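> Fold the following, please.
(one chain, ligands or ions: 2)
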Amino acid sequence: MKEIKIKDKVFEEYISAETIQNAVKEMAKKMNADLKDKDPLFVCIMNGSFMFASDLMQQLDEFYEVAFARYSSYSGTESTYKLKEVMPVTQSLEGRIVVILEDLIDSGFTMMHVKKHFYDLGAKEVLIATMLDKPAARKCPVEADYVGISIANDFIVGHGLDYDDYGRMYNDIYKIKLS
Ligand SMILES: O=P(O)(O)OC[C@H]1O[C@H](OP(=O)(O)OP(=O)(O)O)[C@H](O)[C@@H]1O
Ligand code: HPA
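Ligands and ions are numbered 1, 2, ... in the order given. Now for the predicted structure:
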């Protein structure tokens, strides 16, 4: 099994890029059916979601508006439970159906706060689409409307996800190897 080393940690192969692409295609099919003619605004949550958002956009049938925002709460492998708004969304959300594009829901802290914040900014409806979900890690009550793949409670890197900002560029996903 392929292993990679990032700083002090070793990670082993976990989910192939092909499995991710198939899950994203299934998600896009549902979105094509649900969102046609509704003019949703997709908001990509940086940094981790850049690959997922790019994959998904290429599978959607319509040309939709896409915006970007950046929130950060992790240090190493742990949440600080302090959400920093590094880059706010610049488009108006007033009256819009907003679809948040997230790479991973772990504790749920980020999505719980971002969803509430987008409603506070005037969104009519806020939906969450996540490439990966870790239901066993949930500490905050939030659920996604679209889930690519549900995974166990392991720290992962790849396909946008990082350990201390490294590892995002791997196309496959790797999970931490505990020694
Ligand atoms: O459900 P949670 O426990 O809140 O964890 C999920 C969030 O953590 C990661 O972001 P991070 O804060 O590491 O920022 P990044 O996307 O820039 O890496 C990930 O991209 C999610 O946004
Ligand atoms: O498992 C993870 N990997 C990378 N970043 C994360 N942010 C929350 N959980 C994770």
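
> Near ligand 1, which residues of this protein are found?
Residues of the chain lying close to ligand 1 (CB under 6 Å from any ligand atom) are 45, 47-48, 72-74, 79, 102-111, 162. (Glycine included, C-beta is placed from N, CA and C.)

> Mind checking which of those residues are buried?
When neighbours are counted using 16 or more other CB atoms under 10 Å, the residues of the chain next to ligand 1 contain these buried positions: 45, 47-48, 72-74, 79, 102-111, 162.

> Tell me the buried residues in stretch 73-91?
With the criterion 16+ other CB under 10 Å, stretch 73-91 contains buried residues S73, Y74, S79, L83, V89.

> what sits up against it?
Residues external to stretch 73-91 that are found in contact with it (CB atoms under 8 Å, 6 or more residues apart in numbering): 9, 41, 43, 46, 65, 67-72, 106-107, 109-110, 113-114, 117-118, 121, 155, 163-164, 176.

> max-length helix in this structure?
Longest among the helix segments of the chain by residue count, using DSSP state H, is helix 17-35.

> what's the following helix or strand after it?
Later in the chain than helix 17-35, the nearest helix or strand by DSSP states H and E is strand 41-46.

> from the middle of its chain, how far away would that following strand be?
Going by CA atoms, centre = their mean, to the nearest Å, the spacing between the C-alpha centre of strand 41-46 and its chain's C-alpha centre is 9 Å.

> Where does pLDDT dip in the chain?
Per-residue confidence of the chain (counting by pLDDT under 70) places no residue in a weak region.
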